[in-house]
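**Q** Structure, please.
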Amino acid sequence: MTADQPRSGGCLCGAVRYRLQGAPRAVVYCHCGQCRHSHGHFAAYASVPAEALEVVERRGLAWFRSSTEAERGFCRECGASLFWRRLGGGDCGVAAGSLDDAAGLKASALIFVADKGAYYEITDGLPQYAQGRGSPRIG
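**A** Purely as a prediction, here's the structure:
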């Protein structure tokens with residue numbers, strides 16, 4: 001898959017389908033408590049400019065304002081977690097596992113590692129940040 005080819009994805013039941021124009025940025029693994037609760041483990045998001053995301057089937061799409069800073073898009077029919085975006089921001093995180101074809105995407109970093117679950121260890125060698133990317137690097 002080349003960078004300029006559109007990618008598609010969606011939820012488990014098909015009530016939300018989307019298309020991305022251009023290549024998503026590298027995948028970031030987020031270990032914050034909100035991602036762990038909404039995904040059941042840490043979350044893997046690839047970020048795209050908001051204008052590059054086109055929702056082509058939205059009958060199941062709902063947004064939950066998960067904090068004063070962000071909201072999460074999910075399918076209200078099957079419960080799939082699909083999107084994360086900062087309120088007023090220009091990018092949208094797309095759950096990497098919801099892409100139909102993630103060929104060529106690579107993980108680049110782990111964020112909010114200070115909040116990770118106690119039941120697993122991180123051994124992949126990727127850069128680790130205690131909080132977001134602007135926080136001190138810990139690994």
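
**Q** May I have the phi/psi pair for Leu53?
**A** phi -100, psi 120 (degrees, to the nearest 10).

**Q** partner residues bridging it?
**A** Leu20 (DSSP bridges).

**Q** unless I'm mixing things up, it is touching Val94, no?
**A** Yes. Counting by Cβ atoms under 8 Å, Leu53 does reach Val94; the two are 6.9 Å apart. C-beta here means a position set from N, CA and C on the backbone, and glycine is covered the same way.

**Q** of the two, who's got more company?
**A** More neighbours surround Val94 than the other of Leu53 and Val94, with 27 against 20 (other Cβ atoms under 10 Å).

**Q** returning to what we had before: between Leu53 and Val94, which contacts overlap?
**A** Common neighbours of Leu53 and Val94 are listed as 18, 20, 83 (criterion: Cβ atoms under 8 Å, 6 or more residues apart in numbering).

**Q** which of those residues tops the neighbour count?
**A** Ranked by neighbour count under the definition other Cβ under 10 Å, the shared contacts of Leu53 and Val94 are headed by Tyr18 with 25 neighbours.
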